[in-house]
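1. the sequence isn't on hand, but the structure is:
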């Protein structure tokens, strides 16, 4: 199966690979996995005082499409509010990367990773507020 | 009729429909069926009977491979109980488990650069084996208790260990020339 140029670009030059401090109250961490392919994805977002995402990092073990999906997503979320990020759907990722149907689940993994990161961040914020 | 196509894999080998099974019985029943379905025994048979024997032999082979391999057996047993693990859109798993998987993968990625790669791989392999054993016990308990949600969650973790084990083997055979 041939990867699209965009997938190859993100695969060969992944953006924002790394780790943020998961104990930082302004950092949300999302971890998801795909048992069928053995993929593991960790996506982290750091929200600034203005409520916008100022940094995002990922680490993914998986196929090229999974790596490209998570790399792209870290670029998409930066500067956005949580509400805007929540509106990102896997379709936005798969369309941008021109993923073939058999790789759509990689973009689902990325969407679920963002959702998990936001959920983690919100539970931290609630814990702080209470 | 030696083989009844409507039977499930366990019934085919006269085994109880549960995870724990008598491997000796499985193999001996498999060999018996194989002998009975051997093409030589159908040399004088009609074309229809020959076709039937080939289909039966292929079903017996598939059933044997499924039941012999513990993870395949567990997945098959889930399927018989109406539980599927194939959904690619179900990505929710215990974060602690995923963290451990990520660490194992990091260790695997670093193993080749260590002074003694085979030793590093051995240590990963033994951690994976203990993970698999743990899954087997947990699955057997959950399945016996009819807790199919827990059984399914266990198979999903087991799949990760299984995949990594195969990757370790592939690296080992590449290094061990």
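-> Thanks, I have the structure now. Please read all numbers here as calculations on a predicted model, not as lab measurements.
2. contacting residues around residue 47?
-> Looking at chain A here, since you left the chain open. The contact partners of residue A:47, by Cβ atoms under 8 Å, 6 or more residues apart in numbering or on different chains, come to A:26-28, A:53-54, A:82, A:121. In this view, the C-beta of every residue, glycine as well, is placed from N, C-alpha and C.
3. was after chain B, sorry
-> Neighbours of residue B:47 in contact, by Cβ under 8 Å, 6+ apart: none.
4. just the buried residues of whichever strand or helix holds residue B:99, please?
-> Assessed by DSSP states H and E, residue B:99 sits inside helix B:95-111. By neighbour count on 16 or more other Cβ atoms under 10 Å in any protein chain shown, the buried set for helix B:95-111 is B:95, B:97-98, B:100-102, B:104-105, B:108, B:111.
5. surely residue B:82 is in a strand?
-> No: counting by DSSP: H, G, I helix; E, B strand; the rest coil, residue B:82 is not found in a strand; it is coil.
6. count the residues that sit near it.
-> 7 (other Cβ atoms under 10 Å in any protein chain shown).
7. for residue B:53, same thing?
-> Residues near residue B:53, counting by other Cβ under 10 Å: 19.
8. specify the residue ranges that define each domain of chain B.
-> Per automatic domain parsing, the structural domains of chain B span B:9-68, B:95-175.
9. so how far is the longest helix that chain A contains from its chain's centroid?
-> Determined from DSSP state H, the single longest helix within chain A is helix A:104-129. Relative to the chain's own centre, helix A:104-129 is displaced by 9 Å; criterion: Cα atoms, centre = their mean, to the nearest Å.
10. chain A contacts on chain B?
-> B:85-86, B:88-89, B:91-93, B:95, B:97-99, B:101-102, B:105, B:155-157, B:159-160, B:163-164 (Cβ under 8 Å from any Cβ of the partner chain).
11. circling back to that earlier point, what is the longest helix of chain A packed up against?
-> strand A:27-34, strand A:39-47, helix A:64-77, helix A:82-86, helix A:90-97 (3 or more Cβ pairs under 8 Å, 6 or more residues apart in numbering or on different chains; DSSP states H and E).
12. using TSV, lay out these together with distance to residue B:175.
-> As requested, these are exported to TSV (distance: least, Cβ to Cβ, whole Å):
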stretch	distance to residue B:175
strand A:27-34	27
strand A:39-47	24
helix A:64-77	24
helix A:82-86	43
helix A:90-97	34
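13. as a markdown table, the ones you listed with distance to residue B:47 and mean pLDDT would be great.
-> Shown next, in a markdown table, are those (distance: least, Cβ to Cβ, whole Å; pLDDT from 0 to 100):
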| stretch | distance to residue B:47 | mean pLDDT |
| --- | --- | --- |
| strand A:27-34 | 46 | 96 |
| strand A:39-47 | 48 | 96 |
| helix A:64-77 | 47 | 96 |
| helix A:82-86 | 63 | 95 |
| helix A:90-97 | 49 | 95 |
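14. in three-state terms, label the residue lying farthest from the centre of chain B for me.
-> The centre of chain B is farthest from one residue, residue B:44, which by Cα atoms, centre = their mean lies 37.1 Å away. Under three-state DSSP, the three-state class of residue B:44 is coil.
15. state the distance from it to residue B:38.
-> 13 Å (Cβ to Cβ, to the nearest Å).
16. what does residue B:61 give?
-> From residue B:61 to residue B:38 the distance is 13 Å (Cβ to Cβ).
17. do residue A:32 as well
-> To residue B:38, residue A:32 is 49 Å away according to Cβ to Cβ.
18. end-to-end on stretch B:10-19?
-> 10 Å (Cα to Cα, to the nearest Å).
19. need the contact partners of it.
-> By Cβ under 8 Å, 6+ apart, stretch B:10-19 touches B:3-4, B:8, B:21-22, B:25-26, B:29-30, B:33, B:59-60, B:63-64, B:67, B:73-74, B:77, B:80, B:139-140, B:143-144.
20. mind running it again at 6 Å?
-> Contacts with stretch B:10-19, where a contact means Cβ atoms under 6 Å, 6 or more residues apart in numbering or on different chains, come from B:21, B:26, B:29, B:63, B:77, B:140, B:143.
21. give me the pLDDT value at residue B:177.
-> Listed pLDDT for residue B:177 reads 61.
22. wait, I meant residue A:130
-> 75.
23. pull up the gap between it and residue B:20, please.
-> Taken as Cβ to Cβ, the span from residue A:130 to residue B:20 is 48 Å.
24. which one's more surrounded, these two?
-> Legend: neighbour count by other Cβ under 10 Å for residue A:130 and residue B:20, higher for residue B:20 (12 against 5).
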